[in-house]
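>>> For reference, the sequence and a predicted model appear below.
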Amino acid sequence: MTASETGPVAAEIERSLRSALAPERLAVIDDSEKHRGHSGHDARGESHFTVEIVADAFAGKSRVDRHRLVNQALAGLLAERVHALAIKAKAPGEA
């Protein structure tokens, strides 16, 4: 996924996660169209995302702690622009 294939919010999510967690794999998926007409849908788009991330930072951490790390890295976007975020966080070697 490159910045040219995504909108500005998705690109910022990717930059923030790469900077904070140095993932070996990262996918930022814009799910906003699936939520058209639902509460929290933003007509500008880019309001609902799924993040699939594999990083050494998650080794030995619980699911809750992994989500906290992602949420901390994205705190500004979550407060201002992102309505919903699904997180799939794994350490390298996990299925």
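Structure's in. What do you need? Numbering: from 1, shown residues only.

>>> got a list of what residue 29 touches?
49-52 (C-beta atoms under 8 Å, 6 or more residues apart in numbering). For every residue, glycine as well, the C-beta is placed using N, CA and C.

>>> C-terminal to the helix or strand harbouring it, what's the next element?
Residue 29 belongs to strand 25-30 when elements are defined using DSSP states H and E. Next helix or strand after strand 25-30 toward the C-terminus (DSSP H and E): strand 48-54.

>>> what residue is smack in the middle of the protein?
Nearest residue to the geometric centre of the chain (C-alpha atoms, centre = their mean): residue 51, 3.7 Å.

>>> The helix-or-strand element of the chain with minimal mean pLDDT - contacts with which helices or strands?
Using mean pLDDT, DSSP states H and E, helix 75-80 stands out as the lowest-scoring helix or strand of the chain, at a mean of 93. Packed against helix 75-80 by the contact rule (3 or more C-beta pairs under 8 Å, 6 or more residues apart in numbering; DSSP states H and E) you find helix 8-21.

>>> circling back: out of the contacts of residue 29, which is nearest to residue 68?
residue 51 (13.5 Å; C-beta to C-beta).

>>> wait, the closest one sits on residue 18?
No - counting by C-beta atoms under 8 Å, residue 18 is not a contact partner of residue 51; they are 11.5 Å apart.
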